[in-house]
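Engineer: all I have is the shape, not the residue letters:
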């Protein structure tokens, strides 16, 4: 299995489902509290942006616009983040 295939599998079977699960948890908290805190709104926005970035990576994999070295680097970043419970998975925020 190539690194691109491994990355695609990691994103589709682990990372994106985890993001969706967290979004569901936040929406449940909002429903229970009948309002959204500023922290919840901010986290929702960050998670949606991150998910969109990951979906762009999936598009790049499908179109062949990501090479094996970049795929391996992203896999390593994601695995490191999952171990360390980091939230940015090695992605640098663009200005």
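Structural biologist: It's in. Everything quoted here is computed from the prediction, not taken from an experiment.
Engineer: helices and strands around the lowest-mean-pLDDT helix or strand in the chain, which ones?
Structural biologist: Lowest by mean pLDDT, DSSP states H and E among the helices and strands of the chain is helix 68-84, with a mean of 91. If contacts are counted by 3 or more CB pairs under 8 Å, 6 or more residues apart in numbering; DSSP states H and E, helix 68-84 sits against helix 3-10. In short, each C-beta sits where N, CA and C put it, glycine included.
Engineer: identify the residues contacting the residue in the chain sticking out farthest from the centre.
Structural biologist: Here the chain reaches farthest from its C-alpha mean at residue 34, the gap being 27.0 Å by CA atoms, centre = their mean. By CB atoms under 8 Å, 6 or more residues apart in numbering, no residues touch residue 34.
Engineer: for it, give its distance to residue 40.
Structural biologist: With distances taken as CB to CB, to the nearest Å, residue 34 is found 12 Å from residue 40.
Engineer: residue 57 sits in which helix or strand?
Structural biologist: Residue 57 is part of helix 38-63, with elements assigned from DSSP states H and E.
Engineer: buried stuff in that helix?
Structural biologist: Within helix 38-63, the residues scored as buried using 16 or more other CB atoms under 10 Å are 43-44, 47, 50-51, 54, 57, 60-61.
Engineer: and what of stretch 11-20?
Structural biologist: 11, 15-16, 19.
Engineer: residue 83: which of these is nearest?
Structural biologist: Within those, the smallest distance to residue 83 is 13.5 Å, found for residue 15 (CB to CB).
Engineer: isn't that closest one up against residue 57?
Structural biologist: No. Counting by CB atoms under 8 Å, residue 15 does not reach residue 57; the two are 9.7 Å apart.
Engineer: circling back to that earlier point, which one of the buried residues of stretch 11-20 sits closest to residue 84?
Structural biologist: Ranked by distance to residue 84 (CB to CB), these are led by residue 15 at 14.6 Å.
Engineer: tell me the SS of that closest one?
Structural biologist: Following DSSP: H, G, I helix; E, B strand; the rest coil, we place residue 15 in the helix state.
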